[in-house]
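Q: Let's see this in three dimensions:
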Amino acid sequence: MPKSLPENFRIRFRNMLGDEELAKYEECLQLPMEHGLRVNTLRMTPEEFRKIAPWKHLSKTGEEMGLSPVPWCKSGFYLDDHSRVKAEPDQGVSAAAPSRHPLYYAGAYYLQEPSAMLPAAALPVSPGDRVLDLCAAPGGKSTALAEKLRGRGLLVSNDISASRAKALIKNLELFGVENAVVTAETPKRLASHFPDYFDKILIDAPCSGEGMFRKTSAMITDWTEEKTREYALLQREIAGYAIRMLKPGGMLLYSTCTYAPEEDEGTVLYLLNLPEAKEKGLRLKPIPASPGFLPGNAGWLKEAPDDTSILLNEADLLHYTMHLYPHRLRGEGHFAALFGSGPLAEDEIPQDVNTESYGESAEDCGNIRKPMDISSIRKKYQEFYEFASMIRKDWDISRMKLSQGYLSLLPDAVGTERELAGLRVLRSGLFLGEIRKNRFEPSQALAMTLTPESFSNTLNLSLGDDRVLRYLKGETLEIRGPEVQDGWALVAVEGLPLGFGKAKCGSMKNKLLPGWRMN
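A: Predicted coordinates:
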């Protein structure tokens, strides 16, 4: 149960929203936090996911119900009280919790707090865009942005901490993302490499974390007014560098998981007043309202940000920004503001944030129908040749790069290698595997981009097959009849990839990456 709120926080909250809202907020802090998942639309549509999802939840009357949709994210669903989550017995899945279900290991969804789904959902990303997720770890927003790109364009996912970026890399690989570059750099160094470069930028900024009070009482214990001021200074520094990287005509979304006006409205006004923002004609764009959203308010600021001269009409546009409070909706605390250039058109004010489109179907997004030019591969990468003959994906061989035995498929973006020179790059594009002692060892990342349609030698198991859990635990599998040929094989569940195995004489050696196995 959360501890009592600091009195200074209560005073500020009361001044912002009033006594009644404060009482409801304090009451909601005694309830469990909300949980959710977001479907990986590179794998399937939300409708397809609902058909195979094993979880049910009980209504107050005891009636069994389906997954509840998150209003502001088309691919998001609520997971109700985890003590009531269960798997259907005929599916043969002993690990019923969403974090231990085979569909999770197949990259079918990302476990994400519902309010945290808003920023990526509200940023209008199109296939072919160059997109930057500036504070990306652990990867919830990056995976959502990658889904919108549909395998085209470029996603640069950055986190200043290389240790946190490890989880970011894994989540991008789990989702089968091929066109991402993962960096561990300061915003300042990135800005020096990417001036006026990105079409879309997302800044989910480090903050005082007031929106996470219900998640952990440590956030309450650590809260001070001084910390909100310190974070506001950091956020403004980060946002300033982000503006430099935004292409003229591009769009930027700024978000936090806090309620502090200094970190939210104050940083927004500071950003609008930057010379670079004025040169690029940036102004606030509306984030469509959903039930329970509360618009931003300039009146909550004790004073305007230092050294600013924001016009009154610009401050008035703060009602385009949105606050999410846990006592007003099913989700934790969040704030989001969208910036773009040009005059506000009438059609820029949609009635519902839940308007994102997936474009082509999930199975078409990876161009899997056309085989690669195998003759070109044989000339350049002899060791990869035999393995590549089983892949049916239209990859551009000129984008392949071999460095110290590691073979990668670089993103299809002009000048990427040149622009990345000198940066701390942890992953560039799709890591295909290693070439060692004249043989090719495929990577786990490669496996997660494949399906039975795009890889000719696949052991495709049903959820009810006991070999699914055995594979996820790292065990050797028996081959039942002519299921696969000897050699490298993709192991899949319900057509979704899990990893590789190597079949020989009726058994399959497990090649699932140890760090990906089920404990």
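Q: State the next helix or strand along the chain beyond the helix or strand that contains Leu22.
A: Leu22 belongs to helix 19-28 when assigned by DSSP states H and E. The element immediately downstream of helix 19-28 (helix or strand, assigned by DSSP H and E) is strand 35-39.
Q: what about the longest helix along the chain, average pLDDT?
A: Selection of the longest helix in the chain by residue count, based on DSSP state H, yields helix 225-245. Helix 225-245 shows a mean pLDDT of 97 in the predicted model.
Q: buried sites along it?
A: Using 16 or more other C-beta atoms under 10 Å as the burial criterion, the residues of helix 225-245 that qualify are 227-228, 231-232, 235-236, 238-245. Every C-beta, even on glycine, is put in place using the N, C-alpha and C of the backbone.
Q: and that helix, what other elements does it pack with?
A: Using 3 or more C-beta pairs under 8 Å, 6 or more residues apart in numbering; DSSP states H and E as the contact criterion, the neighbours of helix 225-245 among helices and strands are helix 187-193, strand 198-204, strand 246-256, helix 265-273, helix 275-279.
Q: a markdown table for those, including mean neighbour count and distance to Gly499?
A: Listed next are these as a markdown table, based on neighbours: other C-beta atoms under 10 Å; distance: least, C-beta to C-beta, whole Å:
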| stretch | mean neighbour count | distance to Gly499 |
| --- | --- | --- |
| helix 187-193 | 17 | 33 |
| strand 198-204 | 24 | 30 |
| strand 246-256 | 22 | 34 |
| helix 265-273 | 24 | 43 |
| helix 275-279 | 14 | 45 |
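Q: Show me how far stretch 14-23 is from its chain's centre.
A: 33 Å (C-alpha atoms, centre = their mean, to the nearest Å).
Q: Would you mind listing the buried residues in it?
A: Those would be Met16, Leu17, Glu21, Leu22, for stretch 14-23 by 16+ other C-beta under 10 Å.
Q: Nearest to Thr258, out of the residues you listed: which one, please.
A: Minimum separation from Thr258 among the buried residues of stretch 14-23 (C-beta to C-beta) is found for Met16, which lies at 12.5 Å.
Q: Quick check: that closest one touching Ala260?
A: No - between Met16 and Ala260 there is no contact, the gap being 9.9 Å when judged by C-beta atoms under 8 Å.
Q: which one is Pro295 nearest to, not counting chain neighbours?
A: The shortest distance from Pro295 to any residue other than its chain neighbours is 4.0 Å, reached at His319 (C-beta to C-beta, 6 or more residues apart in numbering).
Q: Sorry, wrong one. I was asking about Leu477.
A: Using C-beta to C-beta, 6+ apart and skipping the chain neighbours, the partner closest in space to Leu477 is Met508 (4.3 Å).
Q: ok, Glu263 touching Gly211?
A: No - applying C-beta under 8 Å, one finds Glu263 not in contact with Gly211, separated by 10.7 Å.
Q: Please enumerate the shared neighbours of the two.
A: Residues touching both Glu263 and Gly211 comprise Thr256, Phe335, with contact defined as C-beta atoms under 8 Å, 6 or more residues apart in numbering.
Q: Lovely, talk soon.
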